[in-house]
Every structure is written in structure tokens, then in C-alpha cells.
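Novice: Could you look at this predicted model? Sequence included:
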Amino acid sequence: MRPFRLFLLVFTTMLLTVAPAAAQQAEVAGYRQTADRIIAAALADSSAWNRLAFMADSYGPRLSGSANLERAIDWMLAQMTGDGLDAVRGEPVMVPHWVRGAESATLVEPRETDLPMLGLGGSIGTPAGGITAEVLVVSSFDELKARAPEAAGKIVLFDVPFTSYGSTVQYRVNGAVEAAKVGALASLIRSVGPVSLNTPHTGVMIYDPTVTPIPAAALTLEHAAMLHRMQARGQQVVVRLEMAARTLPDAESRNVVSELRGRESPEEVVVMGGHLDSWDVGQGAVDDGGGVVVAWEALRVLKRLGLIPRRTIRVVGWTNEENGGRGGDGYRDRHSDAVARHVLAIESDGGVFAPAGWGFTGGDSARATVQAVAALLESVGANQVRAQGGGADIGPIMQQGVPGLSHDVDGTRYFWVHHTDADTVDKLDPREMAMNVAAMAVMAYVIADLPQPLPRR
């Protein structure tokens, strides 16, 4: 092919690709008045916070397999039906069923005192009568390896200060395996969080089938640091750990689903939500009851305004994000034939504090459209789009090509209460929740209503 003809072909192909994308971004500007209407309606009251407070107060923490979770699901389905939303249903999912049981940690030497603690999710229990042993405090996996001869027959405590969640959480997830490899009887960690008011943080841990399982629990930041100081002084540190934790057979649960059915292309879907399950402490309000309720309230605002988009907007309260991810996998499997028609997936799982914007994973053309929609949200602070987004629950369908959007907020205080008894609804502000409702409603509505679906490239 001659050079000029090759250039013309390439240039024409670029125009065919870029022109529709540019047109789509220009079309977004036409939604300014509608976006302002949605924002005003979302900010008009505190209904999202009030609804979350009712759920948090009435049903409390909602660990997978628990009666609390299933009662909260029943309530949510009834409320969604009463709201007049479309296709309200619970989609069955089998979930893990770990039970904490009675547990305690006691400092025996150099003095006797209770140590506030929380067993880690998935841990085995201690033998009857507990484990009483000397403690070896280390600051890293490398230090544990270097001091391996000292660890046999002891309780290993990882006193690792919080740097970021991604790096520090490795001690919670893998600490028991690494401690067991060197002959430890149990594994303790300094809670994974930057701040503590004597509040231990729980969370999931894992075992290696080739390594003998040992009990695993978290102490508070304060007491982990205290035991470390005692060891540094040359004092003998002895702890008694008692845990009745056990894992029962998988239990039945459900993803909670409701929709605004699209008026022209209902088979094309924008899906958004958060996870309805939580750990078995606090109220699961910050992580992640607020995320579910904000998406739900966004759908209610659109319905109240009579805004029915071209495509379907679906809200999902996923089950079992915390200790298994079965809700996200179950959604992918149940909707496997329709994943190709999912236009966008949005997840809110970082608390519903003051909005900060979005994180997006997808093609450049789609990103430009999402940025154009975000520009409509400057008044509520949700106008920034950073690289990379998604979430645990939408991850399974993102792996099959669905663009993913994470709902970003000011996370300064998130890990203060994350997986603790302090995760209660009073930590959230009604006005900030309403701003998040506005952001979710505008983003979902505009993407669902554009004449052409969001491109995957």
C-alpha cells in the first residue's frame, strides 16, 4: 500500500474512533441542569443517614452467616419494595460462617492485666484452657526469620506501625503462617490502623494448608507497644490467650438487588453499590453500610424526580465481602450472560465521608466521558478522577472487561474505626452522606442515559 493511502486509512480509522467519543463527552455538558436538580434533591434532607442509622441500630454488625445479616437483608428488601423500585430481589449466595466465640488475652507477667483483643476472622480457637506462653515481639517478618530460634514454643507478636493499609495488613493476613513456620504457638498483631483509643481491629487472616494452623488475634496499638517496651527492658512477657473461635459449614445468604429499569435499552446496565455484610463488631456503618445506603438512596432520588434513564441502573448490596468475596463472585456467575452488557460498575467501600471524586479503570475514551460527568459534581467535591479504581465486589466483573469506578471520599478517619467496635453511625455526618448520594446519583444517571453506551476502550 502506498504511504499516502496508508496514512489516509489510519487517519480515517482514528476519526471513526475519536469522533463518537468526543461527541459523547460534549453531550455530557447538556446534563448540567438535570445534575443540579439531582444534587438539590439529594441535599434536601438527611434521609440517607436516617436510614443507615435505623439499620445500624436495629441490626448491628452483620457478619456472614449471622442472623443479624439475614434480618438486615429482609428489612432492606421490604423497604426497597415499599420504595417502588423495580425487580427487588435477593439473589442466593452461599457464604462462609466463622463464629468468634468467647475470647480473652491476659498479661500474666510482669503484671496481670486484661489486654483488649479481637480474634482474626477465620482463626482457629485455642485448646481448652487456652495457651499461656512467653511472648516474642518482632517488628517485621525479616526480624522473625532472624530470631527464629527464639520463637519456638512462644506467642509471636508483630508490633508493626501502620504505614499504609496495603503494606501493614500483610501482618494480619499472613502473620499466623509465618509465626507457625518457626514453631510459635499463637500469633498476635498490633492492630492494623493509625489511631487507637484502646480499640483492637479485627479482619480476615489466612492459613497455608502445608503449615500447622495456630490461633491469631489482634491487640491494641497501646498494648502492643507496651509489650514491646517491656521486652526491650529485658522483662519477661507472658500472656494467656483463650479463644473459642470455630468455622461452621457454609450458610445461605443473599445479594440484595433493586433497579430503575431503563426506558430504551433495559438490558444494558450500570451497576452500583457496596457490601452489606460487616465484621461482628461495632455496627458496620462506616464499613460498609453507608456505601450500600448511599447507592440505594441515589436510586430513590432518581425515582422521586421521575428520571428514568435509557439504560437500567441496578443497586446491589453485596454479601460476604469481608471474609470471602462470595457476593461479588456470585453476582458475576449469576449474570454471566449479561456481563457484556454491563456499561459501568461503581463501588462505594471507603466510608461515606466528604466526597473526593472517583478512581477509574477503563479505556481512555471512557475515562474522558467519566471526567466530563465528574465535572458536573464540583459543587459536592466529587469532580476529580484519578487513575485506577474498582473494588472487591465489582472486581470479578471488571476482570471480564466491565469498566470500574470507585467512589472516593476523604479517608482521613476511615482506618481509625475500620473493623473495630468504634464503627458506629455517629462517625458519619448526615450532610456528607447526602453529598455522596448526589455524586452517585448524577454519575450513574448520566452514564446510563447517554445516547451511546460508555465505550470499553
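Specialist: Perfect, I can see it now.

Novice: and residue 57, that one's in a helix?
Specialist: Yes: the assignment for residue 57 by DSSP: H, G, I helix; E, B strand; the rest coil puts it in a helix.

Novice: first to last residue in stretch 98-117, what's the distance?
Specialist: Counting by C-alpha to C-alpha, to the nearest Å, you get 17 Å between the two ends of stretch 98-117.

Novice: Provide the contact partners of it at residue level.
Specialist: For stretch 98-117, the external contacting residues (C-beta atoms under 8 Å, 6 or more residues apart in numbering) are 63-65, 118-119, 121-122, 125, 132, 188, 198-200, 217-220, 223, 227, 230, 235-248, 280, 323. (C-beta placed from N, C-alpha, C; glycine too.)

Novice: and if you look at stretch 372-380?
Specialist: Against stretch 372-380 from outside (C-beta under 8 Å, 6+ apart): 25, 28-29, 31-32, 35-36, 39, 43, 355, 357-358, 382-385, 435-436, 438-439, 442-443, 446-447.

Novice: how long is that stretch from one end to the other?
Specialist: Span of stretch 372-380 from end to end, C-alpha to C-alpha: 15 Å.

Novice: Centre of the chain to it, how far?
Specialist: 24 Å (C-alpha atoms, centre = their mean, to the nearest Å).

Novice: Could you do stretch 437-452 as well?
Specialist: Distance, centroid of stretch 437-452 to centroid of chain: 22 Å (C-alpha atoms, centre = their mean).

Novice: tell me the mean pLDDT for it?
Specialist: The predicted model assigns stretch 437-452 a mean pLDDT of 98.

Novice: In helices, which of the contacts of stretch 98-117 appear?
Specialist: 223, 227, 230 (DSSP state H).

Novice: Test my guess that the last one contacts residue 238.
Specialist: Translated: residue 230. No: applying C-beta atoms under 8 Å, one finds residue 230 not in contact with residue 238, separated by 10.3 Å.

Novice: that older thread, report the buried members of the contacts of stretch 372-380.
Specialist: 25, 28, 31, 35, 39, 43, 355, 357-358, 382-385, 435-436, 438-439, 442-443, 446-447 (16 or more other C-beta atoms under 10 Å).

Novice: Isn't residue 342 up against residue 398?
Specialist: No: contact criterion C-beta under 8 Å: residue 342 and residue 398 do not qualify, at 9.5 Å.

Novice: between these two, who's got more neighbours?
Specialist: More crowded of residue 342 and residue 398, by other C-beta atoms under 10 Å: residue 342, with 26 against 23.

Novice: who touches that one in this structure?
Specialist: 268-271, 335, 397, 402.

Novice: ok, how many other residues are close to the nearest residue to residue 280 once chain neighbours are set aside?
Specialist: With C-beta to C-beta, 6 or more residues apart in numbering as the criterion, residue 280 has its nearest non-adjacent residue at 4.1 Å, and that residue is residue 63. Number of residues near residue 63 (other C-beta under 10 Å) recorded here: 24.

Novice: contacting residues for residue 63?
Specialist: 69, 98, 277-280, 322-323.

Novice: same thing but at 7 Å, please
Specialist: Residues near residue 63 by C-beta atoms under 7 Å, 6 or more residues apart in numbering: 69, 277-280.

Novice: where in the stretch 151-300 of the chain is pLDDT low?
Specialist: Applying pLDDT under 70 to the stretch 151-300 of the chain flags no residue at all.

Novice: Quick check: buried residues in stretch 313-325?
Specialist: For stretch 313-325, using 16+ other C-beta under 10 Å, the buried residues are 313-325.

Novice: Farthest pair within these?
Specialist: The span of the buried residues of stretch 313-325, defined through C-beta to C-beta, is set by 313 and 323 at 28.8 Å.

Novice: Strands along the stretch 201-350 of the chain, start to end?
Specialist: For the stretch 201-350 of the chain, the strands defined by DSSP state E, counting those that start in this stretch cover 216-219, 238-243, 246-260, 265-275, 311-318, 342-347.

Novice: send the alpha carbons of the first one over as CSV?
Specialist: In other words, strand 216-219. Output of strand 216-219 as CSV, limited to C-alpha atoms (Å, rounded to 0.1, in the frame of the first residue of the first chain):
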residue,chain,number,x,y,z
ALA,A,216,-4.4,-15.5,65.6
ALA,A,217,-5.6,-12.3,67.3
ALA,A,218,-5.1,-8.5,67.3
LEU,A,219,-4.1,-6.4,70.3
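
Novice: chain center to it, what's the gap?
Specialist: On C-alpha atoms, centre = their mean, the centre of strand 216-219 falls 21 Å from the chain's centre.

Novice: ok, residue 346 - how many residues close by?
Specialist: With other C-beta under 10 Å as criterion, residue 346 counts 29.

Novice: for residue 387, same thing?
Specialist: Other residues close to residue 387 by other C-beta under 10 Å number 8.

Novice: Same check on the one 5 residues further on?
Specialist: A total of 16 residues lie near residue 392 under the criterion other C-beta under 10 Å.

Novice: Next: the one 4 residues further on.
Specialist: One way to gauge burial is a neighbour count; for residue 396, by other C-beta under 10 Å, it gives 19.

Novice: Next up, the contacts around the residue nearest in space to the middle of the chain.
Specialist: For the chain, residue 349 is the residue whose C-alpha lies nearest the centre (C-alpha atoms, centre = their mean; 3.8 Å). Residues near residue 349 by C-beta under 7 Å, 6+ apart: 274-275, 288, 291, 391-392.

Novice: change it to 10 Å
Specialist: Contacts for residue 349 were tallied using C-beta atoms under 10 Å, 6 or more residues apart in numbering; they are 273-275, 287-288, 290-292, 318, 321, 390-394, 406-407.

Novice: from memory residue 284 sits against residue 64, does it?
Specialist: No: taking contacts as C-beta atoms under 10 Å, residue 284 lies outside contact range of residue 64: 11.4 Å.

Novice: what residues are shared contacts of these two?
Specialist: By C-beta under 10 Å, 6+ apart, the residues touching both residue 284 and residue 64 are 275-278, 322.

Novice: which of those count as buried?
Specialist: 275-278, 322.

Novice: what's the most distant pair in the shared contacts of residue 284 and residue 64?
Specialist: The widest separation within the shared contacts of residue 284 and residue 64 (C-beta to C-beta) is 10.3 Å, between 276 and 322.
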